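Novice: The following comprises the amino acid sequence and a computationally predicted model.
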Amino acid sequence: MDRSGFSELGVFSRKCAASIVETQRIFDRDYLDNLKTVLPAAQLLSDVLGVSGALSILPARLVAGHAKWTAQIALRQSRAFSFSLMVKPVNLGFRISHETTEDTESTIRLELEQIPSPVVSVAGAA
């Protein structure tokens with residue numbers, strides 16, 4: 001980032017991509033922690049009720065598969081110019097008026113898709 005506080009688009013997109021990866025790491029760490037907590041009870045349920053009973057208490061896994069950022073700026077610039085000339089005794093004159101308006105809009109859209117979806121090893125949770 002330079003002194004003005006602005007970042008180049010390439011740097012920004014790399015940081016966004018890294019943030020979705022870090023978010024997935026946090027999700028996976030929490031999932032494995034929750035799985036370690038529930039696994040003993042799930043194994044008991046599996047012995048008593050079968051696999052379907054154990055699956056009902058296993059934690060859901062969150063996947064950060066898609067992220068989208070949008071920045072939009074809209075500018076409007078107006079200019080007006082007028083000129084008039086009047087002759088008072090005869091009440092005669094003319095007026096020239098000119099006005100322009102310019103609209104500008106810029107949009108930056110960044111979409112990140114995580115392909116393939118990450119896989120978590122459950123072997124370490126047992």
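Specialist: Sure thing, it's come through. It should be emphasised that the depicted structure is a prediction, and the values quoted were computed from it without experimental measurement. Numbers count the residues shown, from 1 in each chain.

Novice: Would you mind measuring from residue 70 to residue 19?
Specialist: Look at residue 70 and residue 19: by C-beta to C-beta, to the nearest Å, they are 16 Å apart. Backbone N, C-alpha and C define where each C-beta goes, glycine included.

Novice: Pairing partners for residue 72 in the sheet, please.
Specialist: Assessed by DSSP bridges, residue 72 has beta-bridge partners residue 107.

Novice: For this protein, name the helix or strand with the lowest mean pLDDT.
Specialist: Least confident helix or strand of the chain, by mean pLDDT, DSSP states H and E, is helix 51-55 with a mean of 74.

Novice: re the thing from before, of residue 70 and residue 19, which one has the most company?
Specialist: Neighbour totals were compared for residue 70 and residue 19, and residue 19 leads with 14 against 9 (other C-beta atoms under 10 Å).

Novice: Helices of this structure, residue ranges please.
Specialist: 9-49, 51-55 (DSSP state H).

Novice: To residue 115, which of those helices lies closest?
Specialist: Of all the helices of the chain, helix 9-49 sits nearest to residue 115, with 11.7 Å by C-beta to C-beta.

Novice: next one: the closest one to chain centre, how far?
Specialist: Relative to the centre of its chain, helix 9-49 is centred 20 Å away, using C-alpha atoms, centre = their mean, to the nearest Å.

Novice: now for that helix, which elements pack on it?
Specialist: Using 3 or more C-beta pairs under 8 Å, 6 or more residues apart in numbering; DSSP states H and E, the elements in contact with helix 9-49 are helix 51-55, strand 66-87, strand 92-113.

Novice: Off-centre distance for stretch 89-97?
Specialist: Averaged C-alpha coordinates place stretch 89-97 at 58 Å from its chain's average position (C-alpha atoms, centre = their mean).

Novice: Now do the buried residues in it.
Specialist: In terms of neighbour count (16 or more other C-beta atoms under 10 Å), stretch 89-97 has no buried residues at all.

Novice: neighbours around residue 64, how many?
Specialist: Under the neighbour criterion other C-beta under 10 Å, residue 64 is assigned a count of 19.

Novice: Looks like it contacts residue 23 (just checking).
Specialist: Yes. Checked against C-beta atoms under 8 Å, the pair residue 64 and residue 23 is within contact range at 4.4 Å.

Novice: That'll do, ta.
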